[in-house]
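**Student:** Prediction below, plus the sequence it came from.
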Amino acid sequence: MKTRANRGMRLLWYGALSVAAIPFVFPTWWMATSSLKPVSEIFAFPPSLLPQSPRLDAYERVFQLQPFAQQYFNSMYIAILVTIGTLAVSSLAGYAFARIRFRGQNVLFVVVMMGLLIPSEVTIVPLFQMFNGFGMVDTHWPLILVPIFGASSVLATLIMRQFFITLPVELEEAGRIDGLGRFALYWRIGLPLAKPALAAVAIVTFLNSWNLYLEPIVFLSTPENFTVPQALTHFTDAYGGPLWDVQLAAASITALPVLLVFVIAQRHFVEGLANTGLKG
Amino acid sequence: MSRLREQPTTAGRARRWWTARRRDQLAGYLFITPQILGTALFVIAPLVMVAWYSLHEWNVLAGSFEFVGDANYRQLLDDPGLPGVLAATGVFSLGLVVLNLSLALWLAIMLNRRFAGTTVFRTVFFSPVVVSLVAWTIVWGFLLQNDGGINGLLSVIGVDGPNWLRGEATAMGAVVVVQVFKNVGLNMVLFLAALQGVPRELYEAASIDGASPWRQFRRITVPLISPTILLTSIITIVGSLQVFAQIDVLTQGGPGTSTTVLVYYLYQQAFDFHHFGYGSTLAMLLFVIVLVLTIIQWRMRRRWVFHEN
């Protein structure tokens, strides 16, 4: 009796989840396969799930229509710099707020946390003016400096602080007896133990930078300076209509490396997010 | 050892001014300096500036910048477009929060069982989170157009689908759905982590007492994971107010202004029409809305959050 009920339950479970999975998987599948089809086949009724005769035409045109390799490099190096910078700034501040007692600590912490309350869209006009004054419009500086030092690193600081708070005092006391100063305690004891938190912050930061859209379209105007998300929408014909096969090919190129990393690091990724200070 | 040094004799106090404790304090200040300077320069200063700008008539093209007091705020109240913008923003946020949280919770409960394949399904539902936002949105834009994939699939079963993104009635719903599938995996993971903290004995005891699954869900699951529900709803609501790329890629605020949400309107006013002053006023409105929502949610936590920590 019990086994049969369980088997029924299990079938129901697999069935429900498989149906639910369709809108999560299908778009990515469609993107990848359609990018290999000629335009006529992309719009074929009924749609074909696999390309009849796969071709890489669209992928060639991605690189002909725009300096896409350059744009890809822009996004990549900006995201890497932002990630490294955010790790440094947020782990230092998070460590200090968690483990060092100094005067004005609570007030300063509240001031920093204000950043969580202020969406970047609120400050985009003054930031544009500010960087215009610095002569940095149509450069990558705003896309690097603001995320590292501004509001978007505040969440990272909070995550790092929550992590460092949980470290046992004894670990550092041993280091102190050995004569380590604060920076050494942070660098040699705190950081190595904080790898899970650092990994979560790194992944979230990298993705956020990679996905940034409003800021690039506000700050950048030369195609050579574009980032990938901004470039994706510029594969259009002479009338401004989208070149679907090329857009889908470019989108596939954009999604591929991140998906690959994700599939490889899936376990750490999901668990890291769930276990790192974001827990309720 | 250090404790000895921190308690100097009266005679030694002047000499021992530079104590380990002070050195430690200095380290604390140095450690937070980058973050504090960044906050001052890129958060607080711009916030003050945007408040200042909102009191000015500032057209970049005309090169005019003059103090007009509360004129922009009066324009805000009289703006015939604004009620529609606020309605669109509200519909988007509400639709997103309701759909996102209920789907995320359902998925998390489904995946909190011990069957083979949970990891695969988790990966599947989480994968759109890592697909780049604009790529995801472009694909959906393609799927949702009149002769796109969704209507193609519908035609197979003999249904004539509407032009989703060009219909006043369907455009906003379509944008919400695209966004839900993109990010529901994040909330799902947070709910899963919370569910794993609920003791199984509670459900066993409830089953013995004859409580139905729905009753168990309401009386055990919801109260025990309510801190996570609060957290995810704050994240989702504040995130929903910032939606921009999806609107820009899918509908450009149309058809008509049916999907013109506040941030998109702000962007149009400031960077398409070059009204930096009025754009700043809209930014202040956005700031106030986020602030009020956060305060309300914070106040409410006592009433419906079962336990903290």
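**Tutor:** Perfect, thanks for sending it. Not measured: the values here are computed from a predicted model.
**Student:** just checking, A:Leu117 touches B:Leu293?
**Tutor:** No. When contacts are counted by C-beta atoms under 8 Å, A:Leu117 is not listed as touching B:Leu293 (10.0 Å). For glycine as for every other residue, the C-beta is placed from the backbone atoms N, C-alpha and C.
**Student:** contacting residues for B:Leu285?
**Tutor:** With contacts defined as C-beta atoms under 8 Å, 6 or more residues apart in numbering or on different chains, B:Leu285 is in contact with B:Leu76, B:Leu262.
**Student:** Where do the helices of the stretch 51-200 of chain B begin and end?
**Tutor:** Remark: helices of the stretch 51-200 of chain B, listed N- to C-terminal, are B:71-78, B:82-111, B:118-130, B:133-144, B:149-156, B:171-195, B:200-208; assignment by DSSP state H, counting those that start in this stretch.
**Student:** From B:Val290, how far out is whatever residue of chain A ends up closest to chain B?
**Tutor:** Nearest residue of chain A to chain B (C-beta to the nearest C-beta) works out as A:Phe149 at 2.5 Å. To B:Val290, A:Phe149 is 21 Å away according to C-beta to C-beta, to the nearest Å.
**Student:** okay, and for chain B, where does confidence drop off?
**Tutor:** Filtered on pLDDT under 70, chain B yields the residue ranges B:1-15, B:301-309.
**Student:** residue closest to the middle of it?
**Tutor:** When C-alpha atoms, centre = their mean is applied to chain B, the residue found nearest the centroid is B:Gly239 (1.6 Å).
**Student:** after the helix or strand where that residue lies, next one along is what?
**Tutor:** Following DSSP states H and E, one finds B:Gly239 within helix B:226-241. Later in the chain than helix B:226-241, the nearest helix or strand by DSSP H and E is helix B:245-250.
**Student:** from the middle of its chain, how far away would that following helix be?
**Tutor:** 16 Å (C-alpha atoms, centre = their mean, to the nearest Å).
**Student:** residues touching the spatially closest residue to A:Phe102 that is not a sequence neighbour, list them.
**Tutor:** For A:Phe102, the nearest residue in space outside its immediate sequence neighbours is B:Gly28; the separation is 3.7 Å by C-beta to C-beta, 6 or more residues apart in numbering or on different chains. With contacts defined as C-beta under 8 Å, 6+ apart, the neighbours of B:Gly28 are A:Ala96, A:Ile100, A:Arg101, A:Phe102, A:Gln105, A:Arg182.
**Student:** Could you measure from B:Gly28 over to A:Gln105?
**Tutor:** Separation of B:Gly28 from A:Gln105 (C-beta to C-beta): 7 Å.
**Student:** And for B:Val222?
**Tutor:** Using C-beta to C-beta, B:Val222 is found at 36 Å from A:Gln105.
**Student:** again, but for A:Pro147
**Tutor:** Counting by C-beta to C-beta, the separation of A:Pro147 from A:Gln105 is 25 Å.
**Student:** neighbour-wise, which of the two wins?
**Tutor:** A:Pro147 (27 against 16; other C-beta atoms under 10 Å in any protein chain shown).
**Student:** Was I right to think that one contacts A:Leu207?
**Tutor:** No. Counting by C-beta under 8 Å, no contact exists between A:Pro147 and A:Leu207, whose distance comes to 11.8 Å.
**Student:** Residues that sit against both of these two, list them.
**Tutor:** Common contacts of A:Pro147 and A:Leu207 (C-beta under 8 Å, 6+ apart): none found.
**Student:** neighbours around the residue in chain B that chain A sits nearest to, how many?
**Tutor:** With distances taken as C-beta to the nearest C-beta, chain B approaches chain A most closely at B:Gly38, which sits 2.5 Å away. A count of neighbours around B:Gly38, defined by other C-beta under 10 Å, yields 25.
**Student:** which residues touch it?
**Tutor:** Applying C-beta under 8 Å, 6+ apart to B:Gly38 gives the contacts A:Val89, A:Ile148, A:Phe149, A:Gly150, A:Ser153.
**Student:** Find the nearest non-adjacent residue to the residue nearest to the centre of chain B, please.
**Tutor:** Counting by C-beta to C-beta, 6+ apart, B:Asn183 is the residue found nearest to B:Gly239 once chain neighbours are left out, at 7.6 Å.
**Student:** which ones are touching that neighbour?
**Tutor:** Contacts for B:Asn183 were tallied using C-beta under 8 Å, 6+ apart; they are B:Asn100, B:Pro128, B:Val129, B:Thr236, B:Gly239.
**Student:** Please repeat the previous calculation with a cut-off of 10 Å.
**Tutor:** Residues near B:Asn183 by C-beta atoms under 10 Å, 6 or more residues apart in numbering or on different chains: B:Leu96, B:Asn100, B:Ala104, B:Phe126, B:Pro128, B:Val129, B:Leu133, B:Trp136, B:Ile235, B:Thr236, B:Gly239, B:Ser240.
**Student:** One more: A:Arg182?
**Tutor:** With contacts taken as C-beta under 10 Å, 6+ apart, A:Arg182 has the following neighbours: A:95-96, A:99-100, A:172, A:176, A:190, B:20, B:23-28, B:30-31.
**Student:** Nearest to B:Ala245 among those?
**Tutor:** When the contacts of A:Arg182 are compared for distance to B:Ala245 (C-beta to C-beta), A:Tyr95 wins out at 33.7 Å.
**Student:** That closest one: neighbour count?
**Tutor:** Residues within reach of A:Tyr95, counting by other C-beta under 10 Å, total 28.
**Student:** do the helix or strand where it lies and chain B meet at all?
**Tutor:** Taking DSSP H and E as the definition, A:Tyr95 sits inside helix A:68-99. Yes. Applying C-beta under 10 Å from any C-beta of the partner chain, one finds that helix A:68-99 is in contact with chain B at A:75, A:85, A:88-97, A:99.
**Student:** Just the buried residues out of the residues you listed, in ChimeraX syntax.
**Tutor:** Here is the ChimeraX command that selects only those of the residues of helix A:68-99 next to chain B that count as buried (16 or more other C-beta atoms under 10 Å in any protein chain shown):
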select /A:75,85,89,90,91,92,93,94,95,96,97,99
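**Student:** export the residues of helix A:68-99 next to chain B to CSV and tack on pLDDT?
**Tutor:** Formatted as CSV, the residues of helix A:68-99 next to chain B follow (pLDDT from 0 to 100):
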residue, pLDDT
A:Ser75, 95
A:Gly85, 98
A:Ala88, 97
A:Val89, 97
A:Ser90, 97
A:Ser91, 97
A:Leu92, 97
A:Ala93, 97
A:Gly94, 96
A:Tyr95, 96
A:Ala96, 96
A:Phe97, 96
A:Arg99, 93
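**Student:** Between B:Gly28 and A:Gln105, which contacts overlap?
**Tutor:** What both B:Gly28 and A:Gln105 touch, as defined by C-beta under 10 Å, 6+ apart, is the set A:Ala96, A:Phe97.
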